[in-house]
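Engineer: show me the folded form of this:
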Amino acid sequence: SSHAKLQHTIVWLRRIRSLSALWEVLLYWFAMSRRGLKLCQQLLASRGAFNTQQLAACSINVGTRQMSSGPVSSKEGKVLHPDLLNENFKKAQYAVRGELMLRAEELRKAGKEIIFTNVGNPHQLGAAPITFTRQVISLVAAPFLLDNAKIKELFPDDVIERARVLHKAFNGGVGAYQDSRGNAHVRSEVAKFIEERDGVGPANPDHIFLTDGASPAVRMCLNALIRNENDGILVPIPQYPLYSASIQLYGGTLLPYMLDENNNWAMSIDSLKEAVNKARADGKAVRGLVFINPGNPTGQCLSHQNLQDLLKFAYDEKIVVMADEVYQENIYQDERPFVTARKVLHELGEPYKSGVELLSFHTVSKGTGGECGLRGGYVQMDNIHPDTVDELYKIASINLSPNGVGQVAMSCLVNGPKPGTESYKQYEKEKSTELASLRRRAHMVTDGFNSLEDVSCNFTEGAMYSFPQLRLPPKAIEAAKAAGKAPDVFYCLKLLEATGISTVPGSGFGQAEGTFHLRTTILPREEKMAEFVEKFRSFHENFMNEYKHGQ
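Structural biologist: The predicted structure follows:
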């Protein structure tokens with residue numbers, strides 16, 4: 001009988017000394033018989049291994065088949081319950097689209113005009129796309145137009161020729177999967193662009209991976225670097241939250257090194273050394289070194305000497321360099337022209353030239369084109385172990401292929417119209433006009449901030465942002481604390497509610513203790529910028545009157 005079998009099992013249980021084996025038998029019989037549960041409780045209580053309350057806490061709910069002794073798979077009927085998500089997933093933060101952005105969207109839906117300066121999204125604020133790029137994309141996306149009898153009346157000859165070349169290169173057209181590293185023809189164009197830009201020798205197209213914007217390339221490389229929480233990545237503070245969020249997501253440790261605000265956000269080798277020494281003393285393996293040039297959110301441009309020092313440091317400490325160079329076209333001064341880490345590395349010669357592992361990132365989202373929505377980017381690798389390149393290829397293959405339109409946009413970025421072609425003059429005019437306008441707007445925003453009481457702002461030398469420091473009155477800090485907000489978040493929320501200007505608080509990027517900042521883009525069009533500056537001035541005066549002057 002079943003009762004006899006159960007008695008037999010109890011005798012068997014008494015002979016078991018292994019706790020793991022005991023649990024296996026208990027779990028089996030708990031699932032098979034409620035009487036088994038009761039009898040085993042009596043048995044274990046009599047043996048002194050557990051008391052009945054302890055065993056009840058570990059028992060199986062036969063009706064719902066849930067075991068509290070093992071990992072909890074669901075809660076309140078949901079497997080994807082917020083309490084049961086990956087902890088690193090929950091801890092990752094991305095301030096650029098955080099609380100301020102959500103509130104801005106609420107106000108926009110309620111009818112308030114919002115000036116979205118929280119993210120570097122040029123077209124949203126009125127920038128026009130480069131005509132050549134969009135014309136080529138149009139023909140590659142609709143190749144039947146290439147056979148239209150009136151095609152030459154609608155498009156320049158060089159656009160038609162480029163579209164034909166790309167359509168042929170994309171086997172199956174732009175809507176077909178390509179090599180997981182990106183289309184071979186486009187990668188060869190990127191390699192030629194890099195060679196001509198740097199002037200220090202060829203780049204290997206097989207060590208160039210095209211991606212859907214630069215961010216996926218950054219995340220893929222961080223994922224490869226980070227093995228566990230003991231692996232650290234050096235990141236400049238202030239930093240772009242892509243890095244802090246990704247490092248958290250992959251279970252690594254962010255190792256901050258401070259930029260010097262009093263010295264135009266200069267990079268300090270002493271700060272790097274201090275960060276490395278502290279990390280190693282804490283048992284961390286320092287694996288990667290990130291720098292952003294031109295800087296985001298700080299807008300500074302690294303000098304040639306800065307880059308030499310940084311690369312020598314990476315060589316001495318055996319650290320992979322991650323060069324975020326997506327703003328390389330966005331330069332608004334002449335004292336420090338942009339120079340790539342790759343160029344400086346090759347100019348240093350040996351042992352650095354072949355000894356520093358370098359990952360360089362670029363995108364179509366920035367520059368004068370600002371094609372954020374097309375999602376085109378790349379990572380180019382120097383001195384990376386060939387087997388590691390193969391492993392990265394394997395991981396890239398999981399996504400099958402970068403998107404076709406983004407790859408065409410990258411082709412147009414790195415291989416624009418040549419002198420003498422039909423599109424060249426318009427192409428150069430569009431780019432130079434936008435760059436000159438951005439330079440003027442950089443001055444307008446910086447000068448506007450520096451005219452305000454208790455606000456200081458280093459000049460935006462490059463990129464798309466200003467990062468002013470706010471010396472907030474004690475009364476405002478107390479009000480922020482009472483509202484449960486960080487002081488800079490409090491200020492930015494007040495600004496948003498009063499003016500519709502959406503910014504990002506400095507705490508989202510990291511900042512020196514006791515200082516407060518915000519980041520705004522310089523992207524509103526010039527005709528809108530005067531309104532932006534005036535709205536900011538009026539708000540700040542009212543804010544200071546309320547919290548400093550008591551008016």
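Engineer: just want the most central residue of this structure.
Structural biologist: Central residue of the chain (C-alpha atoms, centre = their mean): L242, 2.5 Å from the mean position.
Engineer: for the top helix by length along the chain, name the packing helices and strands.
Structural biologist: The longest helix of the chain (DSSP state H) is helix 424-450. Here helix 424-450 touches helix 131-141, strand 455-456, strand 465-466, helix 526-547, going by 3 or more C-beta pairs under 8 Å, 6 or more residues apart in numbering; DSSP states H and E. All C-beta spots, glycine's among them, are computed from the backbone N, C-alpha and C.
Engineer: could I get those in JSON lines, plus columns for distance to P82 and mean pLDDT?
Structural biologist: Shown next, in JSON lines, are these (distance: least, C-beta to C-beta, whole Å; pLDDT from 0 to 100):
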{"stretch": "helix 131-141", "distance to P82": "40", "mean pLDDT": "97"}
{"stretch": "strand 455-456", "distance to P82": "39", "mean pLDDT": "96"}
{"stretch": "strand 465-466", "distance to P82": "32", "mean pLDDT": "94"}
{"stretch": "helix 526-547", "distance to P82": "35", "mean pLDDT": "92"}
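Engineer: confidence-wise, which helix or strand of the chain is lowest on average?
Structural biologist: Least confident helix or strand, the chain: strand 60-61 with a mean of 40, by mean pLDDT, DSSP states H and E.
Engineer: how about the helices in the stretch 101-250 of the chain?
Structural biologist: For the stretch 101-250 of the chain, the helices defined by DSSP state H, counting those that start in this stretch cover 131-141, 151-154, 157-169, 184-198, 214-225, 241-249.
Engineer: got the contact list for R108?
Structural biologist: I114 (C-beta atoms under 8 Å, 6 or more residues apart in numbering).
Engineer: re the thing from before, dump the helices of the stretch 101-250 of the chain to a markdown table, plus distance to A486.
Structural biologist: Supplementary listing: the helices of the stretch 101-250 of the chain in a markdown table, determined by distance: least, C-beta to C-beta, whole Å:
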| stretch | distance to A486 |
| --- | --- |
| helix 131-141 | 40 |
| helix 151-154 | 54 |
| helix 157-169 | 48 |
| helix 184-198 | 41 |
| helix 214-225 | 25 |
| helix 241-249 | 15 |
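Engineer: please report how far the nearest residue to T520 once chain neighbours are set aside lies from F536.
Structural biologist: Distances taken as C-beta to C-beta, 6 or more residues apart in numbering put T117 closest to T520, at 4.3 Å, once the chain neighbours are dropped. T117 is 10 Å from F536, where distance means C-beta to C-beta, to the nearest Å.
Engineer: higher neighbour count, these two?
Structural biologist: Set side by side, T117 and F536 show more neighbours around T117, with 26 against 23, by other C-beta atoms under 10 Å.
Engineer: quick one: the more buried one and D488, what's the gap?
Structural biologist: 15 Å.
Engineer: pLDDT below threshold where in this protein?
Structural biologist: The chain contains residues with pLDDT under 70 at 1-69, 94-97, 550-551.
Engineer: rerun at 90
Structural biologist: Applying pLDDT under 90 to the chain flags the ranges 1-105, 114-120, 239-241, 266-268, 507-513, 527, 547-551.
Engineer: and D270, how many neighbours?
Structural biologist: For D270, the count of nearby residues is 10 (other C-beta under 10 Å).
Engineer: wait, what's in contact with it?
Structural biologist: By C-beta under 8 Å, 6+ apart, D270 has no neighbours at all.
Engineer: can you count the residues close to A479?
Structural biologist: Neighbour tally, A479, other C-beta under 10 Å: 17.
Engineer: for G98, find the nearest of the helices and strands packed on helix 424-450.
Structural biologist: strand 465-466 (16.2 Å; C-beta to C-beta).
Engineer: what packs against that closest one?
Structural biologist: Applying 3+ C-beta pairs under 8 Å, 6+ apart, we find strand 465-466 packed against helix 424-450, strand 518-521.
Engineer: which residues touch T521?
Structural biologist: Listed by C-beta under 8 Å, 6+ apart, the contact set of T521 reads 117-121, 125, 464-465.
Engineer: now for those: which two are most distant?
Structural biologist: L125 and Y465 (13.0 Å).
Engineer: who has more neighbours out of those two?
Structural biologist: Shown here are L125 and Y465; by other C-beta under 10 Å, Y465 has more neighbours (28 against 20).
Engineer: with adjacent residues omitted, what lies nearest to P337?
Structural biologist: I331 (6.4 Å).
Engineer: how near is V159 to I137?
Structural biologist: 10 Å.
Engineer: was I right about the residue nearest to the centre of the chain contacting V218?
Structural biologist: Yes - between L242 and V218 there is a contact under C-beta atoms under 8 Å: 6.1 Å.
Engineer: kindly compare burial across the helices and strands packed on strand 465-466 and name the winner.
Structural biologist: strand 518-521 (a mean of 28; mean count of other C-beta atoms under 10 Å).
Engineer: paired strands for that one, with orientation please.
Structural biologist: Sheet pairing of strand 518-521 (DSSP bridges) gives strand 465-466 (antiparallel), strand 504-505 (antiparallel).
Engineer: list the buried residues of stretch 219-232.
Structural biologist: Buried residues in stretch 219-232, counted by 16 or more other C-beta atoms under 10 Å: 219-222, 224-226, 231-232.
Engineer: ok, now stretch 467-487?
Structural biologist: The neighbour-count check on stretch 467-487 (16+ other C-beta under 10 Å) flags 467-470, 472-473, 476-477, 479-480, 485-487 as buried.
Engineer: and if you look at stretch 187-194?
Structural biologist: Neighbour-count burial for stretch 187-194, with 16+ other C-beta under 10 Å as criterion, is recorded at 187-191, 193-194.
Engineer: what strand or helix carries H346?
Structural biologist: Using DSSP states H and E, H346 falls within helix 341-348.
Engineer: in the helix or strand following that helix, what counts as buried?
Structural biologist: Per DSSP H and E, helix 341-348 leads on to helix 352-355 as the next helix or strand towards the C-terminus. Neighbour counts over helix 352-355 (16+ other C-beta under 10 Å) mark 352-353 as buried.
Engineer: which neighbouring elements make contact with helix 352-355?
Structural biologist: Packed against helix 352-355 by the contact rule (3+ C-beta pairs under 8 Å, 6+ apart) you find helix 304-317, helix 341-348.
Engineer: and for that helix, what are the contacting residues?
Structural biologist: By C-beta under 8 Å, 6+ apart, the surrounding residues in contact with helix 352-355 are 311-312, 315, 345-346, 383.
Engineer: hmm, G506 is touching P241, no?
Structural biologist: No - counting by C-beta under 8 Å, G506 stays clear of P241, with 11.6 Å between them.
Engineer: which one's more surrounded, the two?
Structural biologist: Ranked by neighbour count (other C-beta under 10 Å), G506 and P241 place G506 first, with 27 against 21.
Engineer: what sits against the more buried one?
Structural biologist: Applying C-beta under 8 Å, 6+ apart to G506 gives the contacts 238, 297, 467, 469-470, 488, 515-519.
Engineer: neighbours around the residue lying closest to it once chain neighbours are set aside, how many?
Structural biologist: Computed as C-beta to C-beta, 6+ apart, the closest residue to G506 that is not its neighbour in sequence is H517, at 2.9 Å. Neighbour count for H517, taken as other C-beta under 10 Å: 28.
Engineer: same question for V408.
Structural biologist: As a measure of burial, V408 has 28 neighbours, counting by other C-beta under 10 Å.
Engineer: for T368, same thing?
Structural biologist: Other residues within reach of T368 by the criterion other C-beta under 10 Å amount to 21.
Engineer: is it correct that it is in contact with Y327?
Structural biologist: No - with contact defined as C-beta under 8 Å, T368 does not reach Y327; the gap is 11.2 Å.
Engineer: cool, thanks, signing off.
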